[in-house]
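1. take this sequence and fold it.
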Amino acid sequence: MAAMDATPDTAPETYAGRLLAFTIPSRDARGRLVRLDSTLDEILAAHDYPPPITHLLAEALVLAVLMGGLVKDDGSQVTMQAQTEAGAVRLLVCDYKGGELRGYVDFDAARLAELGANPSLFALFGKGYLAITFDLARGKGRYQGIVPLEGDSLAEACERYFYQSEQVPTLIRCAVRSDGDGVRAAGLLVQHLAEGEEGRERLHTKLDHPEWEHVAILAGSLRHEELLDPALSLEAIAWRLFHEEEEVRVERGAAIARGCRCSVEHYREVLERFPEEDREDMRNEDGIVLVDCAFCSKQFGIEV
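-> Residues are numbered from 1 along each chain as shown. Model prediction:
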């Protein structure tokens with residue numbers, strides 16, 4: 001009989017605003033689930049984004065949480081950056097660190113308006129690329145993978161990153177909806193864990209592994225409506241997908257909050273690294289350096 005093991009934490013089920021991690025030991029698989037609501041609204045409210053950009057950034061923020069949730073060490077950060085060649089979007093950047101999430105899109109409004117209501121990924125970015133960077137805490141290093149922005153969505157590009165850069169079979173599903181209650185977004189990431197770290201055959205030599213095919217079929221059956229259903233907990237989603245497995249272990253992860261790390265102290269520290277002649281050029285007539293934060297749309301006046 002299938003069983004779902006929860007953590008010792010007896011808190012109620014997770015519906016939104018918190019990462020949910022799960023593993024399926026018998027299938028060598030792990031997964032992450034997240035649904036964003038108020039945090040997403042807070043991040044999007046910093047700029048008056050048109051609907052296509054709102055949808056794009058919402059998907060990117062979900063992906064940042066799903067990938068960031070794979071890193072267990074406190075202080076580690078995952079950054080996702082998409083840049084363009086001849087696209088309407090000039091830059092998209094999101095990062096996730098210990099539950100803190102932020103994101104920003106720079107775009108050409110006139111060019112975007114020419115694309116219509118539902119532009120494709122290629123229309124938005126042209127011949128663009130996606131860079132995903134893992135900055136690991138405790139001196140474990142920094143590594144980055146870059147893949148073309150191809151396919152129908154950012155989620156597809158992230159799947160390609162894991163196949164090409166980490167050689168880990170990965171399935172990602174994202175859903176975004178805008179209605180009278182605001183913008184809601186959710187996502188599922190499932191991976192087949194690497195085998196043979198101690199010298200056995202590594203999983204990436206067998207991307208058609210039958211255990212992975214089984215997990216991918218079940219995970220791929222998840223509908224967007226289920227991901228976004230506010231009455232359906234993330235634990236319930238994991239149970240619906242994998243209730244026939246011998247065991248599903250569930251762990252409640254970090255609570256998600258807007259995590260713009262801008263402050264007067266931070267910008268002063270950055271500015272102090274510049275030579276005095278450069279800082280002099282930056283000052284206005286009152287001797288203040290004005291710094292705009294693209295993430296939260298705030299302006300800081302720095303005396304330095």
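
2. can you list the low-confidence ranges for the stretch 1-150 of the chain?
-> Low-confidence segments of the stretch 1-150 of the chain (pLDDT under 70): 1-11.

3. can you give me the strands in the stretch 151-300 of the chain?
-> Using DSSP state E, counting those that start in this stretch, the strands of the stretch 151-300 of the chain run over 170-179, 182-192, 248-255, 257-258, 289-293, 298-302.

4. tabulate these in TSV, adding columns for mean neighbour count and distance to residue 270.
-> Just so you know, the C-beta spots here come from the backbone N, C-alpha and C atoms, and that holds for glycine as well. TSV is the format used below for the strands of the stretch 151-300 of the chain (neighbours: other C-beta atoms under 10 Å; distance: least, C-beta to C-beta, whole Å):
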stretch	mean neighbour count	distance to residue 270
strand 170-179	20	33
strand 182-192	24	31
strand 248-255	18	27
strand 257-258	18	21
strand 289-293	16	8
strand 298-302	14	9
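
5. so can I have JSON lines of the ones you listed showing mean pLDDT and distance to residue 218?
-> Output for the strands of the stretch 151-300 of the chain, formatted as JSON lines (pLDDT from 0 to 100; distance: least, C-beta to C-beta, whole Å):
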{"stretch": "strand 170-179", "mean pLDDT": "94", "distance to residue 218": "10"}
{"stretch": "strand 182-192", "mean pLDDT": "94", "distance to residue 218": "9"}
{"stretch": "strand 248-255", "mean pLDDT": "92", "distance to residue 218": "11"}
{"stretch": "strand 257-258", "mean pLDDT": "92", "distance to residue 218": "31"}
{"stretch": "strand 289-293", "mean pLDDT": "78", "distance to residue 218": "42"}
{"stretch": "strand 298-302", "mean pLDDT": "76", "distance to residue 218": "44"}
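
6. quickly find the element holding the residue sitting nearest the centre point of the chain.
-> Centre of the chain computed as the mean C-alpha position; nearest residue by C-alpha atoms, centre = their mean is residue 64, 1.2 Å away. Assigned by DSSP states H and E, residue 64 belongs to helix 51-68.

7. which helices and strands does the helix or strand just after that helix pack with?
-> Using DSSP H and E, the helix or strand that follows helix 51-68 in sequence is strand 77-83. Packing partners of strand 77-83 (3 or more C-beta pairs under 8 Å, 6 or more residues apart in numbering; DSSP states H and E): helix 51-68, strand 89-97, strand 129-136, helix 154-161.

8. between these, which gets nearest to residue 303?
-> strand 89-97 (28.2 Å; C-beta to C-beta).
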